[in-house]
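>>> Sequence and predicted structure below; questions after.
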Amino acid sequence: MASTPVTIDRRRVAELAEREEKRLEAETPRSYQLFERASKSLVAGVSSSYQMRDPYPIYFTHGRGSKIYSVDGREISDFHNGFGCMVQGHAHPAIVAAIQKRCELGTQFALPTEDSVIVAEHLARNFRLPKWRFVNSGSEATMDAIRIARAYTGREQVLKIFGSYHGHHDYVMVSLGVADFGDIGPRDNYRSVSYGAGIPRAVVDMTAAVPFNDAPMMEARIERLIEEGRKPACLIMEAAMMNLGVVLPEPGYLEAVREITRKHGIVLIFDEVKTGICTAAGGAVERFGVVPDMVTLAKALAGGLPSGAIGATDEIMEVVRSGKVYQVGTYNGNPLSMAAARASLEEVMTPAAYEHLNYLNDRLIRECDAICARYDFPGYTVGISSKGCVNFATGRITDYESFIRYQDVALCYLAWLYNINRGVIIAPGREEEWTLSVQHTDEDIDRYVGAFEDLVREVVA
C-alpha cells in the first residue's frame, strides 16, 4: 500500500466509468441482442443471479487454454475462470480426453464406478481426512456437511464467519453482507441477518456469526451461545476468506480456532470450495497445516464439470455409514465428473503446475503493487497460489468490518470495466478475486498488468 496515497476524485471515477461503459456497449452489440432474446425465457436473461449485470451481461461462446471468446468475437484472457472452477484452464487436453473416453462408456448409472474410489483415495491423502462422499456442487457439500455434523453432535446451532459465503441453502444464507454494521449488534454478539428474502426467521436465528481473524471473540461468542442453551454443532469457515477478495488468516489464528473448537466439542468444517485444489493439492489444509474435522470441496475439483466432495474423520462419517444420516443424490459420483476429476488430480494439477501458478501469481502481485507505489495509489494486493486480488483500500482488510470500512466499491466496478475493455475478464464486484489457470502465460499477466496501469494512471491523473 502506498505510504501517502493520493485522494481519489469521485467525479473522475464516475466519468471514467461512464466512458468505459459506453465503450463496452459499443463493442458488444450481439450480447445486447442475445440479452433481449434471453430475457423472454430466462429470468433477467441469465441462469443465475450471479450472472446478472446492468444494463446487460456479456455472453460467451467457448474457451481454450487461458482465453474465452465472446459472442461478439472478442478474445479475452480469463481471470474470472468460472468463479474459480477452471484452475485447469479451458479444454485442457487431458481432461477433454478423459471426458471423451468416458462418454463412450456411458455417462450416468447412479451406481458406483472405480474412478470415484480412486478420486476419494487422492483426496484422503491430500487433505488428511480418511472418509469421503461426493455431491454435485459446493452448496450441496456444505449443506450435507452441516447435516452430518448436527447428527454427529446431536445439536442444531451453526456458527459461521460474518461475510463468508458457503452456498445458497438456507442455513448459510445468513450474515453474508450488509451496507454497514450499525444495525447488527456488537462484535461479540452479531445479530443474524438473512441474505435475501425467502429464508425463515427461525432458520436465520439458528446460524450465528463471528468475525474472522479474532479467536478470542469467537470463543466469547461460543460461551455466550452455550449459556443460552445453543451450543453449536459446527463451525463452518474458509481457512482463507475468498469472497472479500482474499483475506489470509493471521499467524496463529487457525491453530487457535482448532483448539477452541476441540475444547468445546464443536465440529470444525473447512469450506475449501474455493481454496481446495486451487491453492495446493491439499488446499488450505496443506497450506496452513491445520487439519479440521471436515472439509468441503467443489468448483475446481472436476475441471469444469459439476462435482463436490465432503471429507471427514472416521468417527464423524460413521453417522453416514450406519444410515443415521441419508447422504444421497442421484448424480453423486457421476462417472463423467469422476473421470474428469481423476484426470485433473493425476495429470493436470501436478507439482510443476503449482510451481507455475505460484510464479505467475507472484509476478502479478509484485507488478500490481509496484504500480500502486509508483502512482501513490490507495491499493495493495493479496494472493495465494492461483488466487489473488487488488484491494482498492486505504487500510488493511482482515475481516468483514474492515472490508466494509476500507474497500472502494466504485473502483472495483471501474476495474472490471477497464479489464473487459482491454481483453481481460475478472470476477465482478468487490467481493471476488482473480483465479489463474495452469494454462495462463506471461502474456496473460502482461494484459492484466497493462489494464491495471491504465486504470491507475487515469484515475490519479
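Yep, that arrived.
>>> domains for the protein, by residue range?
10-91+351-460, 106-348 (automatic domain parsing).
>>> Show the backbone phi and psi for the most centrally placed residue in the chain.
In the chain, the centroid-proximal residue (Cα atoms, centre = their mean) is K274; its distance is 4.0 Å. Per-residue torsions, K274: phi -100, psi -30 (degrees, to the nearest 10).
>>> Which SSE is immediately downstream of the worst-scoring helix or strand of the chain on mean pLDDT?
Across the helices and strands of the chain, mean pLDDT, DSSP states H and E gives its lowest value to helix 400-406, namely a mean of 93. Going down the chain from helix 400-406, the next helix or strand is helix 409-421, by DSSP states H and E.
>>> List the beta-bridge partners for L268.
For L268, the beta-bridge partners are L235 (DSSP bridges).
>>> Local confidence estimate at it?
L268 carries a pLDDT score of 99 in this model.
>>> swap in F181?
So F181 comes in at 68 (pLDDT).
>>> coming back round to it: save the domains of the chain as a markdown table, and put in distance to I99 too.
Placement of C-beta: from N, CA and C, glycine included. Output for those, formatted as a markdown table (distance: least, Cβ to Cβ, whole Å):
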| stretch | distance to I99 |
| --- | --- |
| domain 10-91+351-460 | 10 |
| domain 106-348 | 6 |
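>>> Deepest-packed of those domains, please.
Mean neighbour count (mean count of other Cβ atoms under 10 Å) peaks for domain 106-348 among these, with a mean of 20.
>>> mind checking which of the domains of the chain is nearest Q100?
Closest to Q100 of the domains of the chain, according to Cβ to Cβ: domain 106-348, at 9.5 Å.
>>> what's the distance between that closest one and the middle of its chain?
Chain-centre distance of domain 106-348: 12 Å, with Cα atoms, centre = their mean, to the nearest Å.
>>> Touching the longest helix anywhere in the chain from outside, list them.
Secondary structure assigned by DSSP state H gives helix 351-374 as the longest helix of the chain. If you take Cβ atoms under 8 Å, 6 or more residues apart in numbering as the criterion, helix 351-374 is touched by 1-2, 87, 280-281, 377-388, 390, 434, 436, 438, 440, 442, 444-445, 448-449, 452-453, 456.
>>> Quick check: which ranges of the stretch 151-300 of the chain have low pLDDT?
Applying pLDDT under 70 to the stretch 151-300 of the chain flags the ranges 179-181.
>>> Compute the inter-axis angle for the helix or strand just after the longest helix of the chain and helix 351-374.
Next helix or strand after helix 351-374 toward the C-terminus (DSSP H and E): strand 380-384. Inter-element angle recorded for strand 380-384 and helix 351-374: 170 degrees (by axes from the mean of the first three to the mean of the last three Cα atoms, to 10 degrees).
>>> what are the pairing partners of strand 380-384, and which direction each?
Partners of strand 380-384 in the sheet, by DSSP bridges, are strand 387-391 (antiparallel).
>>> quick one: the helices in the stretch 151-300 of the chain?
201-205, 215-227, 253-263, 283-288 (DSSP state H, counting those that start in this stretch).
>>> For S322, find the nearest of these.
Closest to S322 of those, according to Cβ to Cβ: helix 253-263, at 23.5 Å.
>>> Report the secondary structure state of I310.
Here I310 is recorded as strand under DSSP: H, G, I helix; E, B strand; the rest coil.
>>> CSV please, covering the helices of the stretch 151-300 of the chain and showing distance to G323.
Formatted as CSV, those follow (distance: least, Cβ to Cβ, whole Å):
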stretch, distance to G323
helix 201-205, 26
helix 215-227, 30
helix 253-263, 27
helix 283-288, 28
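>>> nearest to F162, of the ones you listed?
Taking Cβ to Cβ, helix 215-227 is the member of these nearest to F162, at 10.5 Å.
>>> Using PDB, write down the CA coordinates of the closest one.
This file holds the C-alpha atoms of helix 215-227, laid out as PDB (Å, rounded to 0.1, in the frame of the first residue of the first chain):
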ATOM      1  CA  ALA A 215     -10.200 -16.100  18.000                       C
ATOM      2  CA  PRO A 216     -10.900 -14.500  21.500                       C
ATOM      3  CA  MET A 217     -14.100 -13.000  20.100                       C
ATOM      4  CA  MET A 218     -15.100 -16.400  18.600                       C
ATOM      5  CA  GLU A 219     -14.600 -18.100  22.000                       C
ATOM      6  CA  ALA A 220     -16.600 -15.400  23.800                       C
ATOM      7  CA  ARG A 221     -19.500 -15.900  21.300                       C
ATOM      8  CA  ILE A 222     -19.400 -19.700  21.800                       C
ATOM      9  CA  GLU A 223     -19.500 -19.300  25.500                       C
ATOM     10  CA  ARG A 224     -22.500 -17.000  25.200                       C
ATOM     11  CA  LEU A 225     -24.300 -19.500  22.900                       C
ATOM     12  CA  ILE A 226     -23.600 -22.200  25.500                       C
ATOM     13  CA  GLU A 227     -25.100 -20.100  28.200                       C
END
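>>> Run the angle between that helix and helix 253-263 for me.
Orientation check (the same axes, to 10 degrees): helix 215-227 against helix 253-263 gives 20 degrees.
>>> F270 reaches R287, doesn't it?
No - F270 lies out of contact with R287 (Cβ atoms under 8 Å); the separation is 10.8 Å.
>>> joint contacts of these two?
In contact with both F270 and R287: A239, using Cβ under 8 Å, 6+ apart.
>>> Please name the nearest non-neighbouring residue to D214.
With sequence-adjacent residues excluded and distances taken as Cβ to Cβ, 6 or more residues apart in numbering, D214 is closest to D399, at 6.8 Å.
>>> Which phi and psi values does the one you found adopt?
Dihedral angles (degrees, to the nearest 10) for D399: phi -160, psi -170.
>>> That one: what's it in contact with?
So D399 contacts I161, F162, G163, P211, F212, N213, D214, M241, V247 (Cβ under 8 Å, 6+ apart).
>>> helices and strands around the least confident helix or strand of the chain, which ones?
Counting contacts by 3 or more Cβ pairs under 8 Å, 6 or more residues apart in numbering; DSSP states H and E, helix 400-406 packs against no other helix or strand.
>>> contacting residues around it?
Outside helix 400-406, the residues within contact range by Cβ under 8 Å, 6+ apart are 161-163, 177-178, 180-181, 187, 211-212, 244-245, 247, 391, 393-397.
>>> Hmm, V257 and A215 touching each other?
Yes - A215 is in contact with V257 according to Cβ under 8 Å; the separation is 5.9 Å.
>>> Out of the helices of the stretch 151-300 of the chain, flag the one nearest R133.
Among the helices of the stretch 151-300 of the chain, the nearest to R133 by Cβ to Cβ is helix 283-288 (17.2 Å).
>>> Which residues does that closest one contact?
With Cβ under 8 Å, 6+ apart, helix 283-288 has contacts from 126-128, 238-240, 249, 254, 270, 272, 275-277, 279-280, 290-292, 295, 297, 384-385.
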